[in-house]
Every structure is written in C-alpha cells, then in structure tokens.
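Kindly return the folded structure for what I paste below:
(one chain, ligands or ions: 1)
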Amino acid sequence: MILLYMCCRLFFSCWVFPMLAYRKLKKNGLHGPSPSFPFGNLSEMKKKINIKSSSSFGSNSNIITHDIHSTLFPYFDRWLNSHGKVFIYWLGTEPFLYIADPALLKKLSTEVKSKNWGKPAVFRHDRAPMFGNGLVMSEGDEWLRNRHAATPAFKPTNLKAIVTLMVETATKMVDKWTTLIDSGTREIEVEKEIKATSGEIIAKTSFGISYQSSRAGLVFQKLKALQMILFEPNHFMGVPLGRFLHPKKTLEARRLGKQIDQLFISIITARKQSSPTTPPWHDLLGLLLQESGTRELGSFTKGLTTQQVVDECKTFFFGGHDTTALAITWAMLLLAMHPEWQNQLRKEIREVVGDKQIDVHMLASQKKLGWVISEVFRLYPSAPNAQRQAREDIQVSDKVTIPNGTNMWIDIVGMHHDPALWGEDVNEFKPERFKDDIHGGCKHKMGYLPFGFGGRMCIGRNLGFMEIKIVLTLILSRFSFTISPTYCHSPCIMLTMRPSFGLPLVFQPLY
Ligand code: HEM
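Now for the predicted structure:
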C-alpha cells in the first residue's frame with residue numbers, strides 16, 4: 001500500500017500536475033520549445049553549456065566582447081528568436097515561464113503584492129543547505145516579518161557609521177597591493193583579493209566578527225564549496241529524484257550545509273554571551289536576535305527560532321559579499337579596458353575627496369563613478385536573473401492569466417543586452433547613458449533590474465553601492481591598471497556571474 005501510495009504521489013507530482021499547469025499556460029497562448037520526459041529541456045541546455053565552457057569571449061582586451069547573452073545562454077537566445085520574449089521551457093518536470101519582456105514584468109508587479117510572491121519550490125528544496133528559509137527564499141508572512149526585522153540594519157544612519165569601517169578594510173587591501181608592487185610584483189589576481197575584502201566587510205559590519213577569525217573564514221570557505229556543488233552546470237534541476245543521480249554531491253551539500261549551521265550557532269552563542277551593552281547590537285545579527293524575542297539559545301518562544309536566525313545569517317553572509325565583490329571585479333575589468341574613464345574618475349576623486357577621509361557625502365557627489373557602476377551592472381549584472389512563483393492566478397490581460405503555481409525566470413542579462421530596449425550600441429561600455437537618467441535611457445523602466453524588482457528588491461543595494469564606490473575610489477587614487485595578457489574573458493554563471501578564470505590585472509603605482 002505504501003509503495004502504491006508513493007508511486008501515485010510521484011506520478012501525480014511529476015506528470016499530472018506539471019501537465020495540468022502546462023495545459024493552462026498553453027490555453028493562455030503561451031508556447032515554447034518541446035520538452036521530453038523526464039528531463040524537460042535540460043539536455044538541450046546542458047549541451048549548450050558545454051559548448052560555452054569550451055569557447056571563450058576573447059583572450060585579450062582587443063577582442064573582448066560584451067555581447068555575452070548569446071554565449072552565456074545560447075538556448076535562451078535561440079528560443080527568444082523562435083518564441084519571443086515570453087515562453088515556456090522545462091527544467092525536468094517543472095514548467096518555467098521565461099520572461100524578458102519589461103512590460104509584462106511591470107504588469108505583474110502591479111498585480112501582485114510583494115508578500116504574495118513565492119519562490120520556485122524546486123529551487124527552495126535544492127538550495128536549502130545554502131540559504132535555508134532565509135530572506136531570499138522565504139514567502140508570505142514569514143518573509144514580511146524577516147524583511148521588517150532586517151531593514152533597520154540598512155537605514156541611512158547605520159550605513160553612515162559603516163563607511164569608516166569599509167574605508168579601513170579596503171585601505172588594508174590597497175596597502176597590501178602597494179607593498180606587493182613596491183617589491184616588484186606588478187600582476188595581481190584581483191577577483192580573489194576583492195572577494196576577501198568584501199567578505200571582511202560583511203563579516204564586520206553585519207556580524208561584528210573578523211573575516212580572519214577562524215569561524216568566519218570557515219563559513220566563507222564552506223559557502224564557496226557549496227556554491228560550486230549546487231550551481232555547477234551538470235545539475236539535474238527539476239528532474240524527479242534527480243538528487244539521486246548525484247548522490248555523493250547531494251550528501252556533500254547537506255554535510256556542508258549542516259557544518260555552516262553549526263558555525264553560525266557558535267557565532268550566535270558567542271554574541272549572546274557577550275555583555276548586552278557591548279556594541280554593536282544595532283547590526284544585522286543584533287537585530288535578528290532582538291527579533292528572536294529572547295536571548296537564551298535554544299529557547300526561542302516567539303519571533304525567530306534559532307534555525308531562522310541561522311538561515312538569515314547564511315543568506316546575508318553569502319548575499320552580502322558575493323554580488324558586491326563581483327560588481328567591483330567587473331568594474332575593474334571595464335576600467336582596465338577604458339583608461340580614459342580611469343582618468344575621468346581620478347579627476348572627480350581629486351575634486352570631491354582630495355586628501356580628506358572619504359565620507360558618505362563625498363560618495364553622493366561622485367556622480368561619474370555612479371554612472372560607471374550603473375553601466376557595469378548593466379553589462380555584467382552580478383545577479384543575472386530573478387525568480388518567482390505565482391501563489392495566485394494573475395490576470396495579465398483579458399486573454400492571458402498566469403495560473404497559480406507558475407514558476408517564472410526573469411532574464412536580467414537578456415533585458416540588459418536587448419538592442420530593442422537600449423539601441424544598437426547596447427554592447428558598448430558607455431557610462432554617460434546614466435548621466436541624466438537613472439535607467440540609462442532604457443526604453444522601459446523595468447528593462448534595467450540589477451537589484452531585482454518590486455518589494456522583493458535587494459535589501460542591501462545601498463550598502464553594496466557604497467562599498468563599490470569606496471573600494472574603487474581607493475584603488476583609483478593609488479594605481480592605474482591594464483588587463484594582463486594572461487586574462488581570458490569567459491564570464492560564467494554559478495548562481496552569480498563571475499569570470500571563469502579570475503581577473504589578473506597589471507598595476508602601475510601613481511605615487
Ligand atoms: C551590490 C551588489 C548586489 C546586487 C547586484 C544584488 C542583487 C540582488 C538581486 C537581483 C536580488 C533579487 C531581487 C528580486 O528577486 O527581485 C537580491 C536580493 C537580495 N539581496 Fe542583494 N544584491 C547586492 C548586494 C547585496 C548586499 C550587500 C546584501 C546584504 C548585505 C544583499 C542581500 C540581499 C537579500 C537578503 C535579498 C533578498 C531580498 C528579499 O527577497 O526580500 N544584497 N539582490
């Protein structure tokens with residue numbers, strides 16, 4: 001009986017329910033590439049990924065192209081041509097609505113309240129060791145409560161206080177580079193360095209601990225290992241029992257997830273044992289603990305449970321440094337290719353900052369730096385897509401309803417590289433697009449989404465933007481830089497968009 005029940009459940013969840021959802025979508029006039037059972041369109045997607053990884057976007061600055069969408073996502077690019085900017089494709093037995101149409105997104109975000117958006121169940125389960133049910137993955141009232149709990153950590157007065165800490169941490173990095181350069185080393189692998197600095201900043205500002213501390217160092221190391229396992233291209237996402245096709249990796253992911261949880265429990269315990277008056281209780285961890293209602297570990301009776309605090313810690317540790325570090329890395333690449341922009345930014349730094357210590361007002365006055373960063377986010381968005389799941393039927397027009405349960409994949413890279421939205425120079429680095437328009441002259445406001453959209457937009461965007469400005473200002477004031485001949489331009493997606501082989505740059509001191 002039990003076996004029969006299990007078989008029926010599998011049959012319904014893998015075949016009957018997805019087919020019903022697919023039929024509903026088709027009835028609404030939505031089509032897409034033909035799937036096959038049980039892999040959906042995965043075989044086609046994997047084939048293309050393999051082709052991508054063996055190709056390159058050019059190995060030196062003369063032939064680096066920013067036309068990355070067709071190489072990163074050749075399958076989406078082909079389906080876009082044959083099915084338009086909205087179509088259905090399948091990850092295993094899960095139908096997904098692909099969206100690269102800003103007008104539809106606008107409609108969706110006016111129709112659905114932020115609290116009523118879901119996150120695809122298929123990802124929530126798979127990514128549990130990394131994010132648990134933290135803010136990126138949670139839904140409904142739980143999401144609303146946790147978002148409210150975390151928001152004060154990002155208010156302007158808190159961010160102001162964080163500037164000094166960011167400057168100190170980034171100065172340590174450029175001091176180290178100065179020593180290296182003075183001793184004759186001109187080439188530096190920038191991605192790794194920036195990742196460590198960004199990690200240090202999030203660990204100190206949000207959790208009051210140092211990156212160098214053994215616990216924080218271990219968390220970053222294990223999060224990175226987890227990212228490699230969970231987001232490698234050969235994953236059988238959405239395939240029934242797909243995790244049993246890679247049993248070793250599934251077990252390893254779970255093991256790493258548990259170890260990270262334990263590390264956070266010890267970080268939380270240490271904070272709880274510190275004196276209640278010891279600052280910083282207003283930082284993110286302090287706010288989460290206040291929300292947990294009591295500071296006795298293991299006896300949370302209201303507010304957040306220990307596991308919920310741990311899940312938020314994991315989410316912020318990862319989300320708070322990876323995307324920001326990658327944005328700085330891509331900015332360094334683009335500036336290395338454009339020495340004229342390095343010069344313009346240096347001039348602005350001399351005018352705005354001079355010899356003084358950077359403060360929050362100066363950052364606001366660095367207009368050109370703001371345009372450069374916005375253009376970097378357009379060409380190389382560190383978060384290349386956003387995902388949603390409908391938790392109610394969404395009436396898009398008289399003819400089209402998106403049924404409850406529909407998974408959605410919003411292609412941010414696709415929209416940022418769409419000539420119909422940006423013009424024929426879409427793949428050129430032109431920060432001046434953002435001079436008089438925060439949307440960079442995009443024909444539709446929702447076509448530029450580096451931080452996502454609606455009420456679920458990135459909570460850390462101001463913190464991230466501030467950090468990018470500070471780190472770039474300190475680097476540009478001390479060095480000029482060019483691309484190393486060893487650099488190979490090969491952006492890839494491992495949840496976030498990164499350079500496959502790091503970013504070696506050659507530095508010249510300006511002092
Ligand atoms: C500056 C680089 C950053 C980029 C490009 C970025 C991008 C994004 C994107 C695209 C989303 C998804 C939004 C959506 O689904 O509509 C997101 C969500 C999120 N980000 Fe960021 N982010 C950055 C920095 C940060 C920082 C510094 C933090 C934390 C300190 C952070 C924490 C989060 C969290 C917790 C969410 C989930 C928000 C929710 O669903 O309510 N991010 N981010």
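
going forward, measure contacts between C-alpha atoms and count neighbours the same way
Fine.

Pop out the phi and psi values for the residue most central in space within the chain.
Central residue of the chain (Cα atoms, centre = their mean): Ala383, 3.5 Å from the mean position. Backbone torsions of Ala383, given as degrees, to the nearest 10, read phi -100, psi 100.

Now do the same contact list for the nearest residue to it once chain neighbours are set aside.
Among residues not flanking Ala383 along the chain, Thr496 sits closest, at 5.1 Å (Cα to Cα, 6 or more residues apart in numbering). By Cα atoms under 8 Å, 6 or more residues apart in numbering, the contact set of Thr496 is 322-323, 382-384.

give me the low-pLDDT residue ranges for this structure?
For the chain, the stretches with pLDDT under 70 are 48-62, 211-213, 234, 275-281, 293-302.

Point out the residues in it that sit beside the ligand.
Applying Cα under 6 Å from any ligand atom, one finds that the chain approaches the ligand through 135-136, 147, 316, 319-320, 323-324, 382-383, 386-387, 450-453, 456-461, 463-465.

Return the subset of the residues you listed lying in helices.
Among the residues of the chain next to the ligand, DSSP state H puts 147, 316, 319, 323-324, 461, 463-465 in helices.

Using TSV, lay out these together with neighbour count.
What follows is those, written out as TSV (neighbours: other Cα atoms under 10 Å):
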residue	neighbour count
Arg147	18
Phe316	25
Gly319	19
Thr323	21
Thr324	24
Arg461	15
Leu463	21
Gly464	21
Phe465	17
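
between the residues you listed, which is closest to Arg391?
Among these, Arg147 lies closest to Arg391 (Cα to Cα), at 18.9 Å.

The closest one against Leu135, yeah?
Yes: the criterion here is Cα atoms under 8 Å, and Arg147 meets it with Leu135 at 6.8 Å.

what ranges do the strands span in the stretch 1-150 of the chain?
Assigned by DSSP state E, counting those that start in this stretch, the strands in the stretch 1-150 of the chain fall at 86-91, 94-99, 117-118.

can you put those in TSV and add distance to Gly370 and mean neighbour count?
Shown next, in TSV, are the strands of the stretch 1-150 of the chain (distance: least, Cα to Cα, whole Å; neighbours: other Cα atoms under 10 Å):
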stretch	distance to Gly370	mean neighbour count
strand 86-91	32	22
strand 94-99	28	24
strand 117-118	31	22
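
check contacts around whichever residue of the stretch 101-250 of the chain sits closest to the ligand.
Residue of the stretch 101-250 of the chain nearest the ligand, by Cα to the nearest ligand atom: Val136 (3.9 Å). By Cα under 8 Å, 6+ apart, Val136 lies in contact with Thr315.

Which element, helix or strand, includes Phe236?
Assigned by DSSP states H and E, Phe236 falls within no helix or strand.

how deep is it tucked in, by neighbour count?
Each residue near Phe236 was counted by other Cα atoms under 10 Å, and the total is 20.

And Ile63, by the same measure?
Per other Cα under 10 Å, the neighbour tally for Ile63 reads 10.

how near is it to the ligand?
26 Å (Cα to the nearest ligand atom, to the nearest Å).

Can you tell me how far that residue is from Phe481?
Applying Cα to Cα, to the nearest Å, one obtains 18 Å for the distance of Ile63 from Phe481.

how much space between the nearest residue to Gly454 once chain neighbours are set aside and Thr401?
With Cα to Cα, 6+ apart as the criterion, Gly454 has its nearest non-adjacent residue at 6.1 Å, and that residue is Ser109. Note on Ser109: its distance to Thr401, by Cα to Cα, is 14 Å.

same question, Ala216
46 Å.

wait, the residue nearest to Gly454 sits on Met457?
No: when contacts are counted by Cα under 8 Å, Ser109 is not listed as touching Met457 (11.2 Å).

picking that back up, between Ala216 and Thr401, which has more neighbouring residues?
Neighbour totals were compared for Ala216 and Thr401, and Ala216 leads with 23 against 16 (other Cα under 10 Å).

Can you tell me the element that one falls in?
For Ala216, the host element (DSSP H and E) is helix 214-230.

Could I have the CA atoms of that helix written out in PDB?
Only the C-alpha atoms of helix 214-230 are listed here, as PDB (Å, rounded to 0.1, in the frame of the first residue of the first chain):
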ATOM      1  CA  SER A 214      38.500  31.100  12.200                       C
ATOM      2  CA  ARG A 215      34.700  30.800  12.300                       C
ATOM      3  CA  ALA A 216      34.100  33.400   9.600                       C
ATOM      4  CA  GLY A 217      36.900  32.100   7.400                       C
ATOM      5  CA  LEU A 218      35.500  28.600   7.600                       C
ATOM      6  CA  VAL A 219      32.000  29.900   6.800                       C
ATOM      7  CA  PHE A 220      33.200  31.600   3.600                       C
ATOM      8  CA  GLN A 221      35.300  28.600   2.600                       C
ATOM      9  CA  LYS A 222      32.300  26.200   3.000                       C
ATOM     10  CA  LEU A 223      29.800  28.600   1.300                       C
ATOM     11  CA  LYS A 224      32.100  28.700  -1.700                       C
ATOM     12  CA  ALA A 225      32.400  24.900  -1.800                       C
ATOM     13  CA  LEU A 226      28.600  24.600  -1.500                       C
ATOM     14  CA  GLN A 227      28.100  27.100  -4.300                       C
ATOM     15  CA  MET A 228      30.400  25.000  -6.600                       C
ATOM     16  CA  ILE A 229      28.300  21.900  -5.900                       C
ATOM     17  CA  LEU A 230      24.800  23.400  -6.100                       C
END
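
In terms of secondary structure, what does it contact?
The helices and strands touching helix 214-230, judged by 3 or more Cα pairs under 8 Å, 6 or more residues apart in numbering; DSSP states H and E, are helix 128-131, helix 247-273, helix 306-319.

So for Tyr75, which of those helices sits nearest?
Of all the helices and strands packed on helix 214-230, helix 247-273 sits nearest to Tyr75, with 25.9 Å by Cα to Cα.

what's in contact with the next helix or strand after that closest one?
Heading C-terminal from helix 247-273, the first helix or strand you meet, by DSSP H and E, is helix 284-291. Contacts with helix 284-291, where a contact means Cα under 8 Å, 6+ apart, come from 149-150, 152-153, 205-207, 268, 280-281, 295, 303-304, 309, 313.

you'd agree Trp143 is up against Lys115?
Yes: counting by Cα under 8 Å, Trp143 touches Lys115, with 7.1 Å between them.

And those two? Which one has more around it.
Remark: of Trp143 and Lys115, Trp143 carries more neighbours, 22 against 16, as counted by other Cα under 10 Å.

Apart from its neighbours in sequence, what residue is nearest that one?
The shortest distance from Trp143 to any non-neighbouring residue, by Cα to Cα, 6+ apart, is to Leu135 (6.1 Å).

And for the one you found, the neighbour number?
Using other Cα under 10 Å: Leu135 sits among 24 other residues.

Please give me every residue in contact with it.
Counting by Cα under 8 Å, 6+ apart, Leu135 touches 143, 146-147, 312, 315.

I'd like those written out as TSV, with distance to Phe244 added.
What follows is the contacts of Leu135, written out as TSV (distance: Cα to Cα, whole Å):
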residue	distance to Phe244
Trp143	31
Asn146	33
Arg147	34
Glu312	28
Thr315	26
